[in-house]
Each structure stands twice: as structure tokens, then as C-alpha cells.
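Trainee: I need the structure of the sequence given here:
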Amino acid sequence: MNKCSKLAALAALSASVLFSSVFISCGSTKVTAAKDKEILVVSFGTSYNNSRELTIGGIENAIAKAFPDYTVARAFTADTIINILKKRENISIDNVDQAIVRAANNGVKILVVQPTHLMSGFEYTDLQKTLAKYESKFSKVILSTPLLTTDDDFSRVADAIAAKTKKFDDGKTAVCFMGHGTEAASNGVYAKMQEILASKGYANYYVGTVEAKPSVEDLLAAIQAKGSYKKVVLNPLMVVAGDHANNDMAGDEDDSWKSIFQKAGFEVECVLEGLGQDSAIQQIYVDHVKKAIK
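Mentor: Okay, the predicted model is just below:
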């Protein structure tokens, strides 16, 4: 082999080593070569591309940066979202079963699962059941906790959403947050968040849900009873700013939150930013992973 051939071979080898040490993107699923420890970030998912990468992607990137010795992978629980993205844009994203099987086939021994769910509701229970089926395929399987689990989580999230919307808190504006809501007992997280906000002095902040209690009608009644508000600012209390935020909250239909408050005589501003794109929220997920792998 002449000198030029040796140099070319060395360059190819260096490029190969460099390529194997960074994230390889396949659709929206991130994998890393030759590692036996993985953090699987499980989200409901969204078909809104920009929000998905800012929120879910933001959380995944924060976790990847904090844990360089782990592969970070993505899974969605919503098959409808997975199918939409595959059909519309040929983006392939694993569901939870597929992601776990892929991890096992890739030689992962320690699997840490971090859900981006807001609470421990029905989806979290389903995730627990799914993981139980595959425990024998790994040396260790660790399920971390949702965003709102401990009192400290509630406190930190309250401070984060208040800091992000501080410019609106002028005494004449009601700052409202729309959660999803659930029939599970965990729906109580919304009432608790309202209590935490009040206890911290965030008197102009209101929390409601799309599909449970408190409803938008409950928020409207409370805001009207205060008597001092001229404006309402609507924000999603959801990891992503997806369908609920864009339509149920900020849409033009008569039953959207925006329309309901406008009909009641308020100036309305909608902020289409999911919790997941806030670095303070991302850090809470990072801290949950740290606690889980100790």
C-alpha cells in the first residue's frame, strides 16, 4: 500500500469512528451505535412537526446531553400519530413495543424509560404493563416518573410557567393554562396546580382542562367573578402544542376557548408553545432520569 492509499484508509477509518459516535437520525428515532444502555423517551406524540421537534425533541436532546453514555431513543404511544406521520411524510417512529424489541435486538442491557406524560394516568399504567412483558429481555428495566409527580415537581412547574408568562401578569390579564384532563383519579393534578400557583402568589393564573374539570366554563366564571380583567392569555399546559392547543384552545370554532372568552368580552391572546420547549421543564425530566438511574 502506497502512502496515499494509507492516508485514504486512515481517513476512512477516522470517519467511520466519528460517525459511530454520534446520533444517527432515522425518521424521528435516534439510535447510537455500540451501547448497551438506553434511555427510551416515551411520548403521546404529535403530528405538528415544528412543535414536535421543539418540545419532544427538546426534551430528548436535553436528556441526551445530560447522559452521554446512554443511547436516547424515541417512542410514541399514539398509533394514530405514528400512522399519520408515516403516510404523510414517510417518517417512521416506533410505538412502545417496537422500541423495546429494537432495544433488545440492539443488545441493550439497561433500559431506562422516561415518559413525557404530565401525570400518572391511564397511559402511564399502560406503559407499566407493556414494560412488564419485556423485563426478561434486559438485565435491568427502570421506569421513571411523569412530569408532575412530587410536590417539588409541582412547585418547579408552577415557577416555570409563571416565569415564561411573566410579561402578561399585569393585574388586568388572566393567564390561563389548558390541560388535557382525564377520567382517572390523577385529574386532581390540575386542581393541585391551581392551589400551588395561588400559594406562590400567582393570583392571576388559572388552570383548566379540555375534557374534564375544571372546564373552560369554570375558568370563565372565576375570571368574570374577579371583575378586574380586560384580557385573557391562553397557554397549553401540555408537553406539545398540538391539536388541542391549535384547535380546542386557539381555533376559530364557536366552542374553542378563544371564541368563548372573546364572546364574553375579553381581548384574547393565544401562546402556542408546549411545555416541552421550556428549558426549565426539560431540566425536570433530566432530573427524573438522574433519580431513576441512581
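Trainee: drop to CA atoms for contacts and neighbour counts, all remaining ones
Mentor: Noted.
Trainee: what segments of the protein are strands?
Mentor: Applying DSSP state E to the chain gives strands spanning 24-26, 29-31, 37-43, 71-76, 110-115, 140-143, 173-179, 205-209, 231-236, 267-270.
Trainee: for A62, which of those strands is the nearest?
Mentor: strand 71-76 (10.2 Å; C-alpha to C-alpha).
Trainee: return the alpha-carbon coordinates of the closest one using CSV.
Mentor: Extracted in CSV, the C-alpha atoms of strand 71-76 (Å, rounded to 0.1, in the frame of the first residue of the first chain):
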residue,chain,number,x,y,z
THR,A,71,-28.4,5.9,23.7
VAL,A,72,-31.5,8.1,23.6
ALA,A,73,-34.4,6.7,21.6
ARG,A,74,-38.0,7.8,20.9
ALA,A,75,-41.3,6.0,21.0
PHE,A,76,-44.9,7.3,20.7
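Trainee: what's next to it, contact-wise?
Mentor: Residues from elsewhere that reach strand 71-76, judged by C-alpha atoms under 8 Å, 6 or more residues apart in numbering: 28-32, 35-45, 60, 63-64, 82, 93-96, 99.
Trainee: for the stretch 51-200 of the chain, what spans make up the helices?
Mentor: Secondary structure of the stretch 51-200 of the chain (DSSP state H, counting those that start in this stretch): helices located at 79-89, 96-105, 122-132, 151-164, 188-199.
Trainee: buried residues in stretch 277-291, which are they?
Mentor: Q277, D278, A280, I281, Q282, Q283, I284, Y285, V286, H288, V289 (16 or more other C-alpha atoms under 10 Å).
Trainee: identify the residues contacting the closest residue to the fifth one other than its chain neighbours.
Mentor: If I follow you right, that is Q282. Leaving aside its chain neighbours, Q282 sits nearest to I59 (5.1 Å; criterion: C-alpha to C-alpha, 6 or more residues apart in numbering). Contacts for I59 were tallied using C-alpha under 8 Å, 6+ apart; they are G276, Q277, Q282, Y285.
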